[in-house]
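Student: what shape does this take:
(one chain, ligands or ions: 1)
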Amino acid sequence: MSGTYEYRGLRKEILPAEGKLGILLPGLGAVSSTLMAGVFLVRKGLGRPVGSLTQMSRIRLGKRNEARYPLIREFVPLADLEDLVFGSWDIMDWNAYEAALRAGVIEKERLEPVRGELEGIKALPAVFDPAFVRNLDGPNKKEYANLMEAAELVMRDIERFREETGVSRCVMCWCGSTEVYQEAPGNTIFEDLDSLERALKESSPEIPPSMVYAYAAIRSGIPFANGAPNLACDVPALTTLAIESGVPIAGKDFKTGQTLMKTIIAPGIKARLLGLEGWFSSNILGNRDGEVLDDPGSFRSKEVTKSSVLDSILRPDLYPELYGDYFHKVRIEYYPPRGDAKEGWDNIDIRGWLDAPMQIKVNFLCRDSILAAPVVLDIVLFLDLAKRAGLKGIQEWLSFYFKSPMHRADLPPVNDLFQQDEKLRNTLRILKGEMVIDHSGLDYYEQDHEEEDSSS
Ligand SMILES: NC(=O)c1ccc[n+]([C@@H]2O[C@H](COP(=O)([O-])OP(=O)(O)OC[C@H]3O[C@@H](n4cnc5c(N)ncnc54)[C@H](O)[C@@H]3O)[C@@H](O)[C@H]2O)c1
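Tutor: The predicted structure follows:
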């Protein structure tokens, strides 16, 4: 399945999803191993890909009375699950089966039918710097004279993976630990490619490992997504390189548990113009991600992406009397007994008619990696589609999947889950030459007039 589409007068082609697709994941932890095990189980008919738009969602096309609702995967040319091949890097010298057992997300008995496939995915030695992830260390690390050499080693790994597996295309998604918080704006080494490449050769202590992988992927012509809140590709040097190299990129920080809920509830509060006094969010989680986030530097990265969503939904700039002064606090506590079964509490203080106070309480008992796995699957399949459709640079239509969506510097991000959903669906419609759906309801009147016209 391929095709052409027209956008703003330009005719473009979507290349077919021929051959195998390599999914390259730096970080072979809970999320990566849950994704891999899930894909293998689904392929064997031993599980359902619940939560994945690419696998289960339908898309409305045309006017409502046309009743056209194909599956997204039948509407646009996506790679088939049968054609996915996985590769990964980690500081732990283990394979995907060992990683899945350690993560404890999927029960041991349930992993048994796909044990062989998981054992076949061995973590390649990682580019690692303990200054960026302070609560972890491991033996499986590359040796290099400087960070440019490290990037070249990753590019060589990619080449070898391509040769050994025979994949026709690849996508990379950072599923490694959250690195310590860094400010990008104003840092001249991130401003342009020359400065970044010089800094790589000089092994600047400001370059995190995630950025080395991102550079290697984009240089290799491979779409890159960032599932964590750290910088990775979110710097001008790499967003420009991505556009110049025709590579789509997206990020950052998978939108899964509490922030997913926040971007579902906040648009409702805003739509009804209820005031907001305060939003207190607290979490406990006990997986390795939680252990890394116990370090204040890594937590700060998470705190920034988690805290930024409300303003862009509530628009205090437009509604200062309702949203100009709310108190927002986010806490994450590492609590080992819970493992991957995170629990989040939200207390939301709102105001109604005549400023009467009301409260909303949310208690979300979720499974972190169970929510993240379909998100990673969709991101990589859509980024591969984007590449074949000639899209490049930041893919804002994938904001749906991120807590802190990368976006054009001169425009605010979209965080409202429902707007993000429409953005994604309308992009798919445009790629297939279908009309954009505005949900105005005006087609109702159009239909009336059509009937009048034909009867007169
Ligand atoms: N719902 C979710 O699970 C969720 C949601 C949003 C974001 N994330 C982010 O996704 C990432 C993965 O989450 P997880 O639960 O799988 O964490 P995890 O701790 O289980 O796995 C991360 C893995 O990355 C490895 N790693 C660290 N630095 C590396 C490097 N430089 N190169 C290669 N490997 C490296 C670690 O050894 C670990 O095995 C984290 O950054 C997390 O914050 C997860």
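
Student: confidence score at the residue of the stretch 1-150 of the chain found nearest the ligand?
Tutor: Closest contact between the stretch 1-150 of the chain and the ligand, by CB to the nearest ligand atom, is at residue 29 (1.8 Å). In short, each C-beta sits where N, CA and C put it, glycine included. Looking at residue 29, its pLDDT is 97.

Student: what does residue 129 give?
Tutor: So residue 129 comes in at 93 (pLDDT).

Student: my guess is it meets residue 210, correct?
Tutor: No. Residue 129 is not in contact with residue 210 according to CB atoms under 8 Å; the separation is 10.1 Å.

Student: and these two? which has more neighbours close in?
Tutor: More crowded of residue 129 and residue 210, by other CB atoms under 10 Å: residue 210, with 29 against 17.

Student: what sits against the more buried one?
Tutor: By CB atoms under 8 Å, 6 or more residues apart in numbering, the contact set of residue 210 is 26, 132, 174, 176, 179, 226, 228, 230, 231, 232.

Student: which ones among the residues you listed lie within helices?
Tutor: Nothing among the contacts of residue 210 maps onto helices, per DSSP state H.

Student: turn those into TSV, including neighbour count and pLDDT.
Tutor: Shown next, in TSV, are the contacts of residue 210 (neighbours: other CB atoms under 10 Å; pLDDT from 0 to 100):
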residue	neighbour count	pLDDT
26	32	98
132	23	90
174	27	98
176	33	97
179	25	91
226	29	97
228	27	95
230	28	90
231	25	90
232	30	92
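
Student: of those residues, closest to residue 198?
Tutor: residue 231 (17.5 Å; CB to CB).

Student: phi first, then psi, for the residue of the stretch 1-150 of the chain closest to the ligand.
Tutor: Note on residue 29: backbone dihedrals following degrees, to the nearest 10 are phi -120, psi -140.

Student: per-residue confidence at the residue nearest to residue 359 when sequence neighbours are not counted?
Tutor: The spatial neighbour of residue 359 that comes closest, neighbours along the chain excluded (CB to CB, 6 or more residues apart in numbering), is residue 349 at 5.8 Å. Here, the pLDDT recorded for residue 349 equals 98.

Student: Three-state assignment for residue 349, please.
Tutor: Put simply, residue 349 is strand when judged by DSSP: H, G, I helix; E, B strand; the rest coil.

Student: which residues sit in contact with it?
Tutor: With CB under 8 Å, 6+ apart, residue 349 has these contacts: 276, 277, 278, 279, 357, 358, 359.

Student: give the other helices and strands that the lengthiest strand in the chain contacts.
Tutor: Longest strand in the chain by number of residues (criterion: DSSP state E): strand 275-285. Packing partners of strand 275-285 (3 or more CB pairs under 8 Å, 6 or more residues apart in numbering; DSSP states H and E): helix 258-271, helix 309-314, helix 320-323, strand 327-334, strand 343-351.

Student: tell me the mean pLDDT for the next helix or strand after it?
Tutor: Next along the chain after strand 275-285, taking DSSP states H and E as the criterion, comes helix 288-293. If you average the pLDDT over helix 288-293, you get 78.

Student: what number of residues lie near the closest residue in space to residue 124 that isn't next to it in sequence?
Tutor: Counting by CB to CB, 6+ apart, residue 89 is the residue found nearest to residue 124 once chain neighbours are left out, at 4.6 Å. As a burial measure, residue 89 scores 26 neighbours (other CB under 10 Å).

Student: residues contacting residue 89?
Tutor: Counting by CB under 8 Å, 6+ apart, residue 89 touches 25-28, 123-127, 154, 157, 176, 213.

Student: so what's the backbone phi/psi at residue 46?
Tutor: Main-chain torsions, residue 46, degrees, to the nearest 10: phi -100, psi 10.

Student: and it, how far from residue 425?
Tutor: To residue 425, residue 46 is 30 Å away according to CB to CB, to the nearest Å.

Student: those two: which has the busier surroundings?
Tutor: Neighbours per residue (other CB under 10 Å) separate residue 46 from residue 425, with residue 425 holding more: 22 against 12.

Student: the more buried one: helix or strand, and which one exactly?
Tutor: Per DSSP H and E: helix 417-431 holds residue 425.

Student: buried residues in that helix, which are they?
Tutor: For helix 417-431, a neighbour-count test (16 or more other CB atoms under 10 Å) marks 417, 419-420, 422-431 as buried.

Student: with adjacent residues omitted, what lies nearest to residue 18?
Tutor: Spatial nearest neighbour of residue 18, excluding adjacent residues (CB to CB, 6+ apart): residue 168 at 6.2 Å.

Student: ok so residue 74 is a strand residue?
Tutor: No. Counting by three-state DSSP, residue 74 falls outside a strand, being helix.

Student: who's in contact with it?
Tutor: Contacts for residue 74 were tallied using CB under 8 Å, 6+ apart; there are none.

Student: quick one: pLDDT of it?
Tutor: With respect to pLDDT, residue 74 has a value of 96.

Student: distance of it relative to residue 225?
Tutor: Taken as CB to CB, the span from residue 74 to residue 225 is 24 Å.

Student: what are the ranges of the strands in this structure?
Tutor: Under DSSP E, the chain gives strands at 3-7, 10-14, 21-26, 84-89, 169-174, 224-226, 248-251, 275-285, 327-334, 343-351, 357-365, 393-394.
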